[in-house]
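**Student:** Turn this into a model:
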Amino acid sequence: MKKGREGRRGSVSSESIDPKKVVKIEIPQIPKSDEAIGRIEECIAGHLLFTAVDYETRQTLILSMSERHVGAGERVITQGEDGDFFYIVDEGTLDCYVKTSDVPEPGKHVLTYTTGKTFGELALMYNTPRAATIIAKTDAKLWRIEREVFRVLILTKYVQMRVVFEEMLAKVPLLQAMDAYERNVLADSLSERTFYENDEILEEGDEVEEEGCFFILTEGECSATQLDADGNAKEVKHYVAGDYFGELALLRSTTRQATVSATTDGKCIVLSKESFGRMFLQVKEIIEKQAEGYPAHL
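**Tutor:** Numbering: from 1, shown residues only. Model (predicted):
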């Protein structure tokens with residue numbers, strides 16, 4: 001096998017989540033082929049957790065990852081247990097289950113993870129037990145990062161970005177039903193997008209994107225339009241800071257119902273399709289109730 005970038009186990013000093021402390025830990029450096037490194041880089045490209053770290057730290061993280069193969073039906077993590085690793089799916093399919101009183105073990109199926117998806121971060125970020133059970137649906141290959149490596153190299157960089165999102169979320173009327181902890185969890189799944197006047201954010205008839213599917217406007221204004229029978233664009237809704245859009249295609253499993261364009265420069269925070277389903281259970285009823293009051297053409 002062709003050798004790639006290799007390293008040895010070394011000590012790395014970094015701030016912990018408490019900025020007053022400096023933690024020194026041993027970072028495992030596991031030799032990998034160029035092909036394996038390329039695969040990992042593809043899986044984490046654009047992932048919010050990894051955008052918070054610089055190139056050198058990201059390469060250290062990649063070399064620290066260990067490989068785990070699991071067979072179909074094998075449990076990777078179990079709800080209620082302590083968390084020890086953060087996982088990245090390289091190959092295969094895994095199902096996520098959450099315990100409920102009306103569904104037998106392992107619980108209600110809520111998500112499916114495929115190549116490039118990640119899981120296991122919440123228990124590491126919040127020092128809480130695993131919130132779900134993950135079982136391999138097929139044979140799978142995973143990359144994993146040790147708990148302390150994850151916390152020291154990723155969390156200390158990411159926490160600064162998260163604080164900004166938390167402040168944004170606290171101002172959104174939709175999210176007032178959530179407590180501070182729930183908003184903090186939600187902040188961990190967000191990204192930010194800047195737009196300029198006349199930029200088209202969503203287009204009527206398009207399929208729902210995996211990465212940018214649900215939008216909360218934090219600055220500026222946007223307009224939603226639909227084409228009438230003559231092909232003319234007619235405004236059906238106007239958005240200002242604090243409003244949200246993009247939820248109808250998700251709730252109704254349809255294509256985009258309107259074109260949303262910026263009428264001013266501005267910013268919005270964005271949830272992926274996976275994050276919408278995973279993090280927005282707390283306010284889904286509010287969103288659905290609001291959608292019931294939309295005009296029939298929406």
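**Student:** Contacts only, for the closest residue to residue 94 other than its chain neighbours.
**Tutor:** Once flanking residues are discounted, residue 94 sits nearest to residue 113: 4.5 Å by C-beta to C-beta, 6 or more residues apart in numbering. For every residue, glycine as well, the C-beta is placed using N, CA and C. By C-beta atoms under 8 Å, 6 or more residues apart in numbering, the contact list for residue 113 reads 89, 93, 94, 95, 96, 119, 134.
**Student:** can you do 6 Å?
**Tutor:** 89, 94, 119 (C-beta atoms under 6 Å, 6 or more residues apart in numbering).
**Student:** Relative to residue 107, how far out is it?
**Tutor:** Residue 113 sits 16 Å away from residue 107, taking C-beta to C-beta, to the nearest Å as the criterion.
**Student:** Tell me the predicted confidence for residue 199.
**Tutor:** pLDDT for residue 199: 93.
**Student:** hmm, I was thinking of residue 269
**Tutor:** 83.
**Student:** ok, now residue 30?
**Tutor:** 93.
**Student:** what number of residues lie near it?
**Tutor:** 15 (other C-beta atoms under 10 Å).
**Student:** Among the contacts of residue 113, which lie within strands?
**Tutor:** Those of the contacts of residue 113 mapping onto strands are 89, 94, 119, per DSSP state E.
**Student:** if I pick the residue of the chain most remote from its centre, what's in contact with it?
**Tutor:** For the chain, the residue at maximal distance from the C-alpha centroid (C-alpha atoms, centre = their mean) is residue 230, at 39.7 Å. Residue 230 makes no contacts at all, as judged by C-beta under 6 Å, 6+ apart.
**Student:** hang on, it is in a helix, isn't it?
**Tutor:** No - assessed with DSSP: H, G, I helix; E, B strand; the rest coil, residue 230 is coil; it does not lie in a helix.
**Student:** What does it show for phi and psi?
**Tutor:** With angles defined as degrees, to the nearest 10, residue 230 sits at phi -90, psi 0.
**Student:** Am I right that residue 193 is in a strand?
**Tutor:** Yes - assessed by three-state DSSP, residue 193 belongs to a strand.
**Student:** and it, how many neighbours?
**Tutor:** Applying other C-beta under 10 Å, I find that residue 193 has 14 neighbouring residues.
**Student:** Same check on residue 271?
**Tutor:** 25.
**Student:** which one is it nearest to, not counting chain neighbours?
**Tutor:** residue 214 (4.4 Å).
**Student:** quick one: contacts for the one you found?
**Tutor:** So residue 214 contacts 246, 247, 271, 276 (C-beta under 6 Å, 6+ apart).
**Student:** CA atoms of stretch 146-164 as CSV?
**Tutor:** C-alpha atoms of stretch 146-164 as CSV (Å, rounded to 0.1, in the frame of the first residue of the first chain):
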residue,chain,number,x,y,z
GLU,A,146,-10.9,10.2,20.6
ARG,A,147,-13.0,12.2,23.1
GLU,A,148,-10.2,14.4,24.5
VAL,A,149,-8.7,15.1,21.0
PHE,A,150,-12.1,16.2,19.8
ARG,A,151,-12.6,18.4,22.8
VAL,A,152,-9.2,20.1,22.8
LEU,A,153,-8.6,20.5,19.1
ILE,A,154,-12.2,21.2,17.8
LEU,A,155,-14.3,22.5,20.6
THR,A,156,-11.9,25.3,21.8
LYS,A,157,-11.9,26.7,18.2
TYR,A,158,-15.6,26.1,17.6
VAL,A,159,-16.9,27.6,20.8
GLN,A,160,-16.2,31.2,19.6
MET,A,161,-18.3,30.6,16.4
ARG,A,162,-21.1,29.0,18.5
VAL,A,163,-21.4,32.1,20.8
VAL,A,164,-22.2,34.3,17.8
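**Student:** No further questions, thank you.
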